[in-house]
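1. Pasting the sequence and the predicted coordinates here, then a few questions.
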Amino acid sequence: MRLILWDIDGTLLYSGGVAGEAMRAAMTRVYGRPASNDRREYAGKTDQQIILETFAERPHDQILAQLDEFAGAYMDELDQRQAEMAARGRVLPGVPAILAHLQHNPDVHQSVLTGNMQKVAAMKLRLTNLLHYVDLETGAYGSDHHQRVQLPNFALTRANQRFQPALSGSDIIIIGDTPNDIACGKAHGARTVAVATGPFSVADLTSHQPDAVLADLSDLDAALTAILG
Ligand SMILES: [Mg+2]
């Protein structure tokens, strides 16, 4: 069994900027001002990390004490924008076809590894009709830890409560759109696949030496080869 961990934003879908707007509105409500509006600055970072970096001058304890309040405000802001996200958001090329194909492969199990908080991840996947392809129970989220590089441990622990024999880092395949996704996978000995459907180009991603790089996921055979090796 191999565990495929998909990044969400820029890899499976683009929320049309709606999630970023909701997040900045929630930050203003709870912390007094929003984060940067530059998409590239968020790329590959966890929600917690974005908040900690935005309010770097404040004590971490103080910021983390308001994290539950922030999560509630963020979900509230997203709830108000559901129709807008459904209208402006889009699934990236080839994504439903490859998720459906891999769902029928008995040697792999598909989940997500994302900087999004778990509830936010679930909402984005539901609004884009992708939720039924992945098992959120064996994933890892920005609500688990502020550093992305720690997240594979959470996914492995969850997967190993379910599967025998136990999986290790080399049984993981990480697919993402940023250098942070590649670094996170490499740190655990995972196979890493980069897709240039986010803010980074094929050349940008290639320089971080993932196991494979794709312009997008529209060529099913090329994507399967890149993912499964
Ligand atoms: Mg991403």
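-> Received, thanks. Numbers count the residues shown, from 1 in each chain.
2. So Leu5 belongs to a helix, correct?
-> No: Leu5: not assigned to a helix; according to DSSP: H, G, I helix; E, B strand; the rest coil it is strand.
3. Give me the residue at the spatial middle of the protein.
-> In the chain, the centroid-proximal residue (CA atoms, centre = their mean) is Thr114; its distance is 2.5 Å.
4. contacting residues around it?
-> Trp6, Asp7, Ile8, Asp9, Ala121, Gly139, Ala140, Tyr141, Gly142 (CB atoms under 8 Å, 6 or more residues apart in numbering). Quick note: C-beta positions are derived from backbone N, CA and C, even for glycine.
5. and the gap between the closest residue to Asp171 other than its chain neighbours and the ion?
-> Nearest residue to Asp171 in three dimensions, chain neighbours excluded: Arg2, at 5.1 Å (CB to CB, 6 or more residues apart in numbering). Using CB to the ion, to the nearest Å, Arg2 is found at 21 Å from the ion.
6. Per-residue confidence, Arg2, what does it come out as?
-> Per-residue pLDDT puts Arg2 at 97.
7. Show me the strands in the protein, by range?
-> With DSSP state E as the criterion, the chain has strands at 2-6, 13-14, 90-91, 108-112, 172-176, 191-195, 212-214.
8. Okay, now the sheet partners of the third one, with direction.
-> If I follow you right, that is strand 90-91. Sheet pairing for strand 90-91, assigned by DSSP bridges, gives strand 13-14 (antiparallel).
9. for the fifth one, same thing?
-> Strands that pair with strand 172-176, judged by DSSP bridges, come out as strand 2-6 (parallel), strand 191-195 (parallel).
10. For the ion, see how far away Ala196 is.
-> From Ala196 over to the ion (counting by CB to the ion), the distance is 11 Å.
11. ok so, going back, residue contacts, the residue nearest to Asp171?
-> Counted by CB under 8 Å, 6+ apart, Arg2 has contacts Asp107, Val108, His109, Leu167, Asp171, Ile172, Ile173, Leu228.
12. Check Lys186 too.
-> Taking CB under 8 Å, 6+ apart, we find Lys186 in contact with Thr192.
13. And the pLDDT at it?
-> Value for Lys186, per-residue pLDDT: 98.
14. if we can go back for a sec, what bridges to the residue nearest to Asp171?
-> Going by DSSP bridges, Arg2 forms beta bridges with Val108.
15. which residues in the protein form helices?
-> Taking DSSP state H, the helices of the chain run over residues 18-31, 39-42, 47-54, 60-65, 67-80, 82-88, 95-103, 118-127, 151-160, 179-186, 202-206, 220-228.
16. so can I have CSV of those showing distance to the ion?
-> Below are these laid out as CSV (distance: least, CB to the ion, whole Å):
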stretch, distance to the ion
helix 18-31, 11
helix 39-42, 9
helix 47-54, 12
helix 60-65, 23
helix 67-80, 17
helix 82-88, 16
helix 95-103, 13
helix 118-127, 11
helix 151-160, 12
helix 179-186, 6
helix 202-206, 12
helix 220-228, 16
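17. which one of those helices lies closest to Ala194?
-> When those are compared by CB to CB, helix 202-206 sits nearest Ala194, at 3.9 Å.
18. List the buried residues of the closest one.
-> Leu205 (16 or more other CB atoms under 10 Å).
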